[in-house]
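> Whatever this is, show me its structure:
(2 chains)
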Number of protein chains: 2
Amino acid sequence: MFRKEIKVTDCTLRDGGLINKWQFSHELVRDVFLAVNQSGVDYMELGYRASKKMFDPKEYGPWRFTTDEDVRKIIQDAPVNMKLGVMVDIGRVEEDDIAPCEESPLDFIRVATYIHDVDKAIALANHVDSKGYEPFINIMAISTANEFELAQALQQIDAETNVTAVNIVDSFGFLFSESTHHLVKIFQNNLKTKGVGIHAHNNQQLGFANTIEAIRKGANYLDATVSGIGRGAGNCPLELLLSFLKNPKFNIEPVLQVLEDVFLDLRKEIEWGYLIPYMITGTLNEHPRTAIALRQDPKNKDKYAEFYRTMTTPECFSDE
Amino acid sequence: MFRKEIKVTDCTLRDGGLINKWQFSHELVRDVFLAVNQSGVDYMELGYRASKKMFDPKEYGPWRFTTDEDVRKIIQDAPVNMKLGVMVDIGRVEEDDIAPCEESPLDFIRVATYIHDVDKAIALANHVDSKGYEPFINIMAISTANEFELAQALQQIDAETNVTAVNIVDSFGFLFSESTHHLVKIFQNNLKTKGVGIHAHNNQQLGFANTIEAIRKGANYLDATVSGIGRGAGNCPLELLLSFLKNPKFNIEPVLQVLEDVFLDLRKEIEWGYLIPYMITGTLNEHPRTAIALRQDPKNKDKYAEFYRTMTTPECFSDE
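Model prediction:
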């Protein structure tokens, strides 16, 4: 038995690009696109849309910008079985970076926001909505959100936008089952007319588990990435999620094939997944940036005990 | 807040030895022993106890046998802060392999059994009990157990033994939260005078998650291994479990230190953890042996899609 309302969003390239500044070749992106397109996934987020005035295309690869032109080069003449989209950050995209939807190969745009920027997120979601895209909002760093503010923000999104769903984003990989249940309930209680989704991180090997827990409590919009690729500890693996969901429309074979053909080599070039420094920041409800910096330091990257001591020494974080 | 009844069993060397026929040096075992001994863990299972008449010590390392003499070499003069023990398999150990407890450095013995061997398991548990050891029983391959037989077996263990606890062993890594909850309830309903435990496998990245779910439903005996080491996809990682449990007696620093000092090198020699072939057998509720064989074949070990097709082709498994 499956729940037909469940929709899966692949964000392999968007989240994976956080590791390598979106320096994926068109060939790789095409391979991933074709695999996801055959897998029965509902939405595919190809990258970020951002202004070239704000990010240097010499430093950032094409999927930091995900122009309509580049998307067309990926699709070529393949029949597209899913909705395609991009993520936008507040203040990093300009009005004329987004063409009207009918002129674009894209169908949806997700706005990523912190709780304190929710008014800006609503404005941006309404802007992309007015251009004809299906809008979504992702609320990042959810494990540090003040619950009173969160409820207010969700009520405002519910009243003032047409977003399809709002995603719980466990940026720090801090949640476990009970905290996930609690958040899904807060989202449901305050989003009377919108769906609830989840974007889980794998710092504590709970990315897939927390996605299951969100499903159990009624979340229908699920993020996943091939091989769990994503910054730091990565995400809920698409191959696990699709094999768990019982909807016969899902097919994991193309995902396994691209995993074997593309991701084994990619893993030799860039690192993601459960590693002790990410576990440590996750259990401490901290942003992974300290762990990412540690992993980039060849001399210290495996000094786990010392990193743990640094991260748990009160003086380093004292507010006094 | 923590639940004081919770007891953690480290089975790093016993389960990890399934990968390399227990060929761990005494130096490595001493390092792991000292780290676990400092971590606040309650029980440490050092290996299997087995008869040297049945297993050739030229082929199998010392921790297949875990003699009292070898255990003494590991302890030396360290004060032991936890209970030490071994696992025994039915029919692989003889009466005179087990000295009276007062002559041994060991405190507990766990009997591993399949559901159909429960009468033999009870006899063996009672035998080690009569020699003075604290007895436990682990029921393997729990995801294929017939529930009527399982209830009967548990009632019999409850009535006929003095075991401290009976462990749910998810040998195939098939369980998720709801099936774990269901099994904990069956164990609790039928074990009126014994504890309930869990030994989870990580085929679906749910080893730690299922351990949390068992805790939530009342299981108090928890198995884990440093770095999740164990055959195939491995186990619930001790570092995650200890950081989740709030009992101040637990200290993850020595675990992180040994992980860094010993397990990083060990991982270059032997393989364990989440890998697609183990995921596939896990989702199909199959023994991992086909996946283990695949991983030992250098030419085919990463042919995920083909392995999936083979494993899901009905002809291969037809009972007709």
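> in what helix or strand does the closest residue to chain B within chain A lie?
Ranking the residues of chain A by distance to chain B (C-beta to the nearest C-beta) places residue A:209 first, at 3.2 Å. Bear in mind the C-beta positions are built from the backbone N, C-alpha and C, glycine included. Following DSSP states H and E, one finds residue A:209 within helix A:207-216.
> could you give me the average pLDDT of that helix?
Averaged across helix A:207-216, pLDDT comes to 98.
> Please report phi then psi for residue A:86.
phi -140, psi 170 (degrees, to the nearest 10).
> Number of residues surrounding residue A:172?
Residue A:172 has 25 neighbouring residues, counting by other C-beta atoms under 10 Å in any protein chain shown.
> now the strands for the stretch 1-150 of chain A?
Using DSSP state E, counting those that start in this stretch, the strands assigned to the stretch 1-150 of chain A run over residues A:7-10, A:43-48, A:83-89, A:108-113, A:134-139.
> again with the stretch 151-300 of chain A
Assigned by DSSP E, counting those that start in this stretch, the strands in the stretch 151-300 of chain A fall at A:165-169, A:195-199, A:221-224.
> in its sheet, what does the shortest one sit against?
Going back to what we said before, that points to strand A:221-224. When sheet partners are counted by DSSP bridges, strand A:221-224 sits next to strand A:7-10 (parallel), strand A:195-199 (parallel).
> so where is chain A shaky, pLDDT-wise?
A:315-320 (pLDDT under 70).
> redo that, cut-off 80
A:1, A:314-320 (pLDDT under 80).
> who in it is up against chain B?
Chain A comes close to chain B at residues A:176-178, A:202, A:204-210, A:212-213, A:216, A:237, A:239-240, A:243-244, A:252-253, A:256-257, A:259-260, A:264, A:276, A:279, A:283, A:302-305, A:308-309, as judged by C-beta under 8 Å from any C-beta of the partner chain.
> ok, of those residues, which come out buried?
A:176-177, A:202, A:204-210, A:212-213, A:237, A:239-240, A:243-244, A:252-253, A:256-257, A:259-260, A:276, A:279, A:283, A:302-305, A:308 (16 or more other C-beta atoms under 10 Å in any protein chain shown).
> Out of these, list just those in helices.
A:177, A:207-210, A:212-213, A:239-240, A:243-244, A:253, A:256-257, A:276, A:279, A:283, A:304-305, A:308 (DSSP state H).
> all helices for the stretch 1-150 of chain A, in order.
Assigned by DSSP state H, counting those that start in this stretch, the stretch 1-150 of chain A shows helices spanning A:12-20, A:26-38, A:68-75, A:118-130, A:147-160.
> Out of those helices, flag the one nearest residue B:68.
Among these, the nearest to residue B:68 by C-beta to C-beta is helix A:12-20 (50.3 Å).
> Helix A:68-75 and the closest one, what's the angle between them?
On the basis of axes from the mean of the first three to the mean of the last three C-alpha atoms, to 10 degrees, helix A:12-20 is oriented at 110 degrees to helix A:68-75.
> Helix A:12-20 - contacts with which helices or strands?
Using 3 or more C-beta pairs under 8 Å, 6 or more residues apart in numbering or on different chains; DSSP states H and E, the elements in contact with helix A:12-20 are helix A:26-38, strand A:43-48.
> quick one, which of the strands of the stretch 151-300 of chain A is packed in tightest?
Among the strands of the stretch 151-300 of chain A, strand A:221-224 has the highest mean neighbour count (mean count of other C-beta atoms under 10 Å in any protein chain shown), at a mean of 28.
> Need the CA coordinates for stretch A:133-141. CSV is fine.
Provided in CSV are the C-alpha atoms of stretch A:133-141 (Å, rounded to 0.1, in the frame of the first residue of the first chain):
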residue,chain,number,x,y,z
TYR,A,133,6.2,28.8,-11.5
GLU,A,134,5.0,26.4,-8.8
PRO,A,135,6.4,27.9,-5.6
PHE,A,136,7.9,26.1,-2.6
ILE,A,137,9.6,27.3,0.6
ASN,A,138,12.3,25.4,2.5
ILE,A,139,13.0,26.6,6.1
MET,A,140,16.6,25.9,6.9
ALA,A,141,18.3,25.3,10.2
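> and it, how far out from the chain's middle?
Distance of stretch A:133-141 from its chain centroid, counting by C-alpha atoms, centre = their mean, to the nearest Å, is 10 Å.
> which parts of it are buried?
A:133-141.
> Could you do stretch A:82-95 as well?
Within stretch A:82-95, the residues that count as buried by 16+ other C-beta under 10 Å are A:82-90, A:92-93.
> Could you tell me the end-to-end distance of that stretch?
Distance between the two ends of stretch A:82-95: 26 Å, counting by C-alpha to C-alpha, to the nearest Å.
> Stretch A:240-260 now?
Using C-alpha to C-alpha, one end of stretch A:240-260 lies 15 Å from the other.
> same deal with stretch A:36-52?
Using C-alpha to C-alpha, the two ends of stretch A:36-52 sit 28 Å apart.
> Off-centre distance for it?
Centroid separation for stretch A:36-52 versus its chain: 11 Å, with C-alpha atoms, centre = their mean.
> just stretch A:17-33 next, same as before
Distance, centroid of stretch A:17-33 to centroid of chain: 15 Å (C-alpha atoms, centre = their mean).
> for that stretch, how far is the first residue from the last?
Start-to-end span of stretch A:17-33 (C-alpha to C-alpha) is 14 Å.
> Alpha carbons of stretch A:54-73, in PDB - could you do that?
What follows is stretch A:54-73, C-alpha atoms only, in PDB (Å, rounded to 0.1, in the frame of the first residue of the first chain):
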ATOM      1  CA  MET A  54      26.800  38.200  -7.500                       C
ATOM      2  CA  PHE A  55      28.700  35.000  -8.200                       C
ATOM      3  CA  ASP A  56      31.700  34.800 -10.600                       C
ATOM      4  CA  PRO A  57      31.100  32.100 -13.300                       C
ATOM      5  CA  LYS A  58      34.900  31.600 -13.300                       C
ATOM      6  CA  GLU A  59      34.600  30.300  -9.700                       C
ATOM      7  CA  TYR A  60      31.200  28.700  -9.800                       C
ATOM      8  CA  GLY A  61      30.000  26.000 -12.200                       C
ATOM      9  CA  PRO A  62      26.900  26.300 -14.400                       C
ATOM     10  CA  TRP A  63      24.500  24.800 -11.800                       C
ATOM     11  CA  ARG A  64      25.000  27.700  -9.500                       C
ATOM     12  CA  PHE A  65      23.100  29.700 -12.100                       C
ATOM     13  CA  THR A  66      21.100  26.900 -13.900                       C
ATOM     14  CA  THR A  67      20.200  29.100 -16.800                       C
ATOM     15  CA  ASP A  68      17.200  28.100 -19.000                       C
ATOM     16  CA  GLU A  69      19.700  27.600 -21.800                       C
ATOM     17  CA  ASP A  70      21.800  25.100 -19.900                       C
ATOM     18  CA  VAL A  71      18.700  23.200 -18.800                       C
ATOM     19  CA  ARG A  72      17.600  22.900 -22.500                       C
ATOM     20  CA  LYS A  73      21.100  21.500 -23.300                       C
END
